[in-house]
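Enquirer: Here's my sequence, what's the structure:
(one chain, ligands or ions: 1)
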Amino acid sequence: MAGTSFLASAAQADGVVNVYTYREPGLIQPLLDAFTKKTGIKTEVLFLNQGLEDRIAAEGQNSPADVVLTVDIGRLVNVKEKGVTQPVDDEVINANIPQEFRDPEGHWFGLTTRGRVVYASKERVQQDEITYEELADPKWKGKICMRSGQHMYNIALIASMIAHHGEEKAEEWLKGVKANLARKPDGGDRDQAQAIYAGECDIGLGNTYYVGLMMTNEKEPEQKEWANAIKVLFPNANDRGTHVNISGMALAKYSPNKENALKLMEFLSGHEAQQLYAEKNNEYPVMPGVPVSEVVASFGKIKPDTLSLAEIAKYRKAASEMVDRVGLDDGPSS
Ligand SMILES: [Fe+2]
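Expert: Here you go, the predicted structure:
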């Protein structure tokens, strides 16, 4: 992790932009390197697991933060609500990023999307279509694996169920999902694929890009076997579409290198960076017309749910309370 003093000394240097991020450094470094190569502007990265918004708020007017990079609509909305961002109205960025992926006031911008899909056992699941609603069907009893219901990816999905069906119906649904769990929610998305590979469950919930990351994982080649054990099903492909979340960026309120920050933001929204996001990270670029990676293309075409991300964000708190109320994270038997 980069130290504060390092960033502080770089804070207002010429040709620098300071990035505060929740994203894994390995995932964003190739993009930042491409930016430096193109512009000569160096990037300093502060990677944090938590409390990024609070950190910027505490630093106040002296914060070295220029650009915030994060995943999840909830976190993007949080940085705005904490008052640590400023609005951006930039012709290049606005031309690159479709309106539905931008905060109407310009405080955050989506850069990529990812589908929250069903990982299904190739061996034990015959069907090639599924809906989120169906996950509560007793036919899946003892067959579903997932990570914690409180994880932001699941919160956004559950929030979308509340937005579509109302709280009461969504809660019935979530109780049904809980009853169908094979085990206590645990691990990350990739662990659900591993559990399917190991025969512990037949279906799991996970993000699209993890399948690409598993399939191409040379460091831990066993992950290729997990990926090979599953097929990707896009839930609700025949009706409202699959729930998608975003990764995105924001300009820090007191950005000391604002000009460079805007250059970085323009770059990340542009064709070259969008292609890198697709190829290296297996994410869906927000820029129309940029092709997805080969692995992601092999899943078939995604039809994203058009419910707005701002709308989903409104129900995050209700979703989190619902997860606790039904005891989702306690597993099937309680
Ligand atoms: Fe992730």
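
Enquirer: pLDDT weak spots in the protein?
Expert: Scanning the chain for pLDDT under 70 picks out the ranges 1-13, 334.

Enquirer: Longest strand of it, counting residues only.
Expert: Using DSSP state E, we find that the single longest strand of the chain is strand 109-121.

Enquirer: Enumerate the positions of that one that are buried.
Expert: Judged by neighbour count (16 or more other CB atoms under 10 Å), strand 109-121 contains these buried residues: 109-121. Any C-beta I mention is one placed from the backbone N, CA and C, and that applies to glycine too.

Enquirer: Go through those and say which is closest to G188.
Expert: Minimum distance to G188 across the buried residues of strand 109-121 is 12.2 Å, recorded for Y119 (CB to CB).

Enquirer: and Y284, what does it touch?
Expert: Contacts for Y284 (CB atoms under 8 Å, 6 or more residues apart in numbering) come out as 112-115, 208, 244, 278, 292, 296, 302.

Enquirer: cool, and D191?
Expert: D191 makes contact with 145, 147 under the criterion CB under 8 Å, 6+ apart.

Enquirer: Can you pull the phi/psi pair for it?
Expert: Backbone torsions for D191, taken as degrees, to the nearest 10, come to phi -60, psi -20.

Enquirer: repeat for I41
Expert: With angles defined as degrees, to the nearest 10, I41 shows backbone torsions of phi -80, psi 130.

Enquirer: didn't it look like it was pressed against V19?
Expert: No - using CB atoms under 8 Å, I41 is not in contact with V19, being 11.2 Å away.

Enquirer: the more surrounded of the two?
Expert: More crowded of I41 and V19, by other CB atoms under 10 Å: V19, with 25 against 19.

Enquirer: Look up how far L111 lies from that one.
Expert: 13 Å (CB to CB, to the nearest Å).

Enquirer: Show me the strands in the stretch 101-250 of the chain, by range?
Expert: In the stretch 101-250 of the chain, the segments counted as strands under DSSP state E, counting those that start in this stretch are 109-121, 144-145, 203-207, 230-233, 244-252.

Enquirer: Run the chain-centre distance for the fourth one.
Expert: Translated: strand 230-233. Mean C-alpha position of strand 230-233 versus that of the full chain (CA atoms, centre = their mean, to the nearest Å) differs by 19 Å.

Enquirer: Show me what that strand is packed up against.
Expert: Secondary-structure packing of strand 230-233 (3 or more CB pairs under 8 Å, 6 or more residues apart in numbering; DSSP states H and E): strand 109-121, helix 189-197, helix 208-215.

Enquirer: Let's see that with 10 Å instead.
Expert: With contacts defined as 3 or more CB pairs under 10 Å, 6 or more residues apart in numbering; DSSP states H and E, strand 230-233 has these neighbours: strand 109-121, helix 189-197, strand 203-207, helix 208-215, helix 294-298.

Enquirer: among these, which is nearest I144?
Expert: Using CB to CB, the nearest of those to I144 is strand 203-207, at 5.6 Å.

Enquirer: Now that closest one: buried residues?
Expert: The neighbour-count check on strand 203-207 (16+ other CB under 10 Å) flags 203-207 as buried.

Enquirer: One more: stretch 217-235?
Expert: 223, 226-227, 229-235.

Enquirer: and what of stretch 25-41?
Expert: Neighbour counts over stretch 25-41 (16+ other CB under 10 Å) mark 27-28, 31-32, 34-36, 39, 41 as buried.

Enquirer: Let me have those in a markdown table, extended by secondary structure and distance to L157.
Expert: Compiled in a markdown table, the buried residues of stretch 25-41 are given as follows (DSSP: H, G, I helix; E, B strand; the rest coil; distance: CB to CB, whole Å):
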| residue | secondary structure | distance to L157 |
| --- | --- | --- |
| L27 | helix | 21 |
| I28 | helix | 24 |
| L31 | helix | 27 |
| L32 | helix | 30 |
| A34 | helix | 32 |
| F35 | helix | 32 |
| T36 | helix | 36 |
| T39 | helix | 37 |
| I41 | coil | 37 |
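
Enquirer: out of the strands of the stretch 101-250 of the chain, which comes closest to L157?
Expert: Closest to L157 of the strands of the stretch 101-250 of the chain, according to CB to CB: strand 109-121, at 5.0 Å.

Enquirer: For stretch 35-54, measure first residue to last.
Expert: Start-to-end span of stretch 35-54 (CA to CA, to the nearest Å) is 27 Å.

Enquirer: From the chain's centroid, how far away is that stretch?
Expert: 18 Å.

Enquirer: ditto for stretch 255-273
Expert: That offset, for stretch 255-273, works out to 20 Å (CA atoms, centre = their mean).

Enquirer: swap in stretch 71-89?
Expert: Distance of stretch 71-89 from its chain centroid, counting by CA atoms, centre = their mean, is 15 Å.

Enquirer: list the buried ones in it?
Expert: For stretch 71-89, a neighbour-count test (16+ other CB under 10 Å) marks 71-80, 84-86, 88 as buried.
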